[in-house]
Structures are given as structure tokens and as C-alpha cells.
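> Could you work out the structure for the sequence below:
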Amino acid sequence: MFFTRLPFPRRAQRAASATVAGGALSIGYATAALASPAGTPADAGDLSAQAQETAQTAELTVAPISADTEAAWGGAEIPEVEVTPLWEQPKQIAKARRLASDPEVVATAAVHLRADASVDAESLTVVPEGSELGTDADAVTKGRFTRVYTEDGLTGFIATRLLEDYVVEAETTAATTSPSSSSSASSSASSTAASSATYSSIVTAALAQVGSAYAFASATPGAFDCSGLVSWAYAQVGKSVPHSSSAIRATGTVVSASAAQPGDIIWSPGHVSIYLGNGQQVEAVGPGSGVQQTSIWQSSPVFLRF
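Presented below is the predicted three-dimensional model:
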């Protein structure tokens, strides 16, 4: 048998060298693939482990969560915050006493001092008629109520219609006048007839404001409270009359009803008006009514002359 040795090119010899590359072993012209077929796990043991894990997962059951009615869920309870009312705060009490020591208004009747500006609000106390009360520099009003301060240190609200403007200077002047000088001035005023022209001008000025609105503590044409109308009308003839019903009562000279003449002042607790004669008067009635000419409705009016 004859064998023919075929020539083997150098390039083929280099390709025939044993190499391991890309997971395949090349030996000569034969190549053995070590990689697993596509889609088949490289390790059969891995297949078994995955199958077991899948089986265990499939068998896992989750028990439903049920809440016990008495269970505490751990939510933080919000504590009730106790708020100290304004009238019980130390600083507010000190402020109330300080402002009440320099009163600005006076109660015209016994009235409830309420915690808020409402007739339904808690009543802190009953303020007696004639009580002198403090207010803020600019009186704080809410609707029909005004905030006031008492000597007892209370802060609250009173219906504005039951408050009359108070003039400390006028009260001080009256207090410092001796009884003898007061009686002397009274007798002198009673014996001297007032100038009819002067008092006629007072009446004319007051009647000219009929139809004006009512405004607490105001003495401006077009808006008056009761003492504001009186003090303004008297000012038109150069007479100084306090802008306060209580101060007017303290400083005026009382005359009898039979001696009263048009232009004199009619006083009743918490209210003043100007006498017109023949049972008539001109007055700032109150909120919603304004300045009107009315019949004398006061049961026991006091007539005063300045």
C-alpha cells in the first residue's frame, strides 16, 4: 500500500494548533463545543433547584390580616389643649385694671359683661348701672358690642347702646367744686333768666340735625350720639357742655319742670336731649333711629340749665 503525503500549508498548521477560545476546544481540524444548547440550563442541578423553589413558592399561602376591635394601632392621640380665656390671663388682667383706672365710658344700665360680642356668649359678670369702664385708645367694636375693661380686671363686651361716653375732666371739675359754691351758682342761675335769643339758637341748631345718623361717641354734623348732639348744639352759641350724660348731670343746674324753657337739657339715666317746650324734645335716639323730634317719653326727666 502506498501512502502519499500531501503537503500541509503553514497557514493550516497554525490553524491546527490546539486552542481554546469562546468556550470551544479546537484540536486539529475537530472542534468540540462545550457550551450548552440554546435554552438549556448549563447545569442540570440548577434546573432541579429552580423547580423546587417554584414549587415551594406555589405552596405558600398568606393568611388574611384581621384587626381586633380592641387593638391599639399605635396612632398618636392628640391631647386636648386647654386655652386660658382672655379674662383669666395675668397680663390681660393687669391691662384691664390699668385701663379701667382711667375710664372712658359708663354703663347706662345694669348689663351683662360677655366673653364675646354676642348675646349668646358667656356672661362673665353683671356690670351695675353707672359703672365706669375702660376702653382701648381706639374703642374696639364688633357689630353692636364694644370691648371694655373693669376695675376687677375683667375683659369683655357690652352692647354699645348701653354705654355712654365719659369725660373724666368734667367729673373732676364737679368733684372739686365746694358745696357752697355749687349752691350759690345754682341760685344765681335760677334767679337769672337765660337769654331767649341764645337758647333759641341752641334749639335751631339741634333741629337742623334732625335726620342725622346715630354714631356712638360722635359729635359731628350728620352723626351724633345723645350727649354729642347736646354738646354740639350748645357749642354753636359758645357754651361748653361735656360730651357725657353723666358729666352733664353732674355739672348742670337743676331747674323744675315748670321753670324749664326751650333749650334746656333733659336728663334721664344714660340719656340726654334738648327741651323744645310743649312736651317735645330733640334727641339722638339710638342706632337705626338717629336724631328725631319726639314727645317726652322719660318717666322722671330732670331739667338742667347751663
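
> what about the residue lying closest to Thr141 once chain neighbours are set aside, how many neighbours?
Once flanking residues are discounted, Thr141 sits nearest to Thr160: 6.2 Å by Cβ to Cβ, 6 or more residues apart in numbering. Any C-beta I mention is one placed from the backbone N, CA and C, and that applies to glycine too. When counting by other Cβ atoms under 10 Å, one arrives at 21 neighbours for Thr160.

> my read: Thr160 touches Lys142, true?
No: between Thr160 and Lys142 there is no contact under Cβ atoms under 8 Å: 9.5 Å.

> ranges for the strands of the stretch 101-250 of the chain?
Along the stretch 101-250 of the chain, the stretches classed as strands by DSSP state E, counting those that start in this stretch are 105-107, 111-114, 123-127, 132-133, 141-142, 145-149, 155-159, 163-165, 213-214, 219-220, 223-224.

> possible to save the ones you listed as CSV with mean pLDDT and distance to Gly286?
Formatted as CSV, the strands of the stretch 101-250 of the chain follow (pLDDT from 0 to 100; distance: least, Cβ to Cβ, whole Å):
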stretch, mean pLDDT, distance to Gly286
strand 105-107, 86, 15
strand 111-114, 90, 15
strand 123-127, 90, 19
strand 132-133, 89, 19
strand 141-142, 86, 15
strand 145-149, 92, 14
strand 155-159, 92, 11
strand 163-165, 79, 12
strand 213-214, 92, 6
strand 219-220, 90, 16
strand 223-224, 94, 11
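
> Determine which of those approaches Ser289 most closely.
Closest of the strands of the stretch 101-250 of the chain to Ser289 is strand 213-214, at 6.3 Å (criterion: Cβ to Cβ).

> What strands flank the closest one, and is each parallel or antiparallel?
When pairs are called by DSSP bridges, strand 213-214 turns out to pair with strand 223-224 (parallel).

> Nice, that's everything, thank you.
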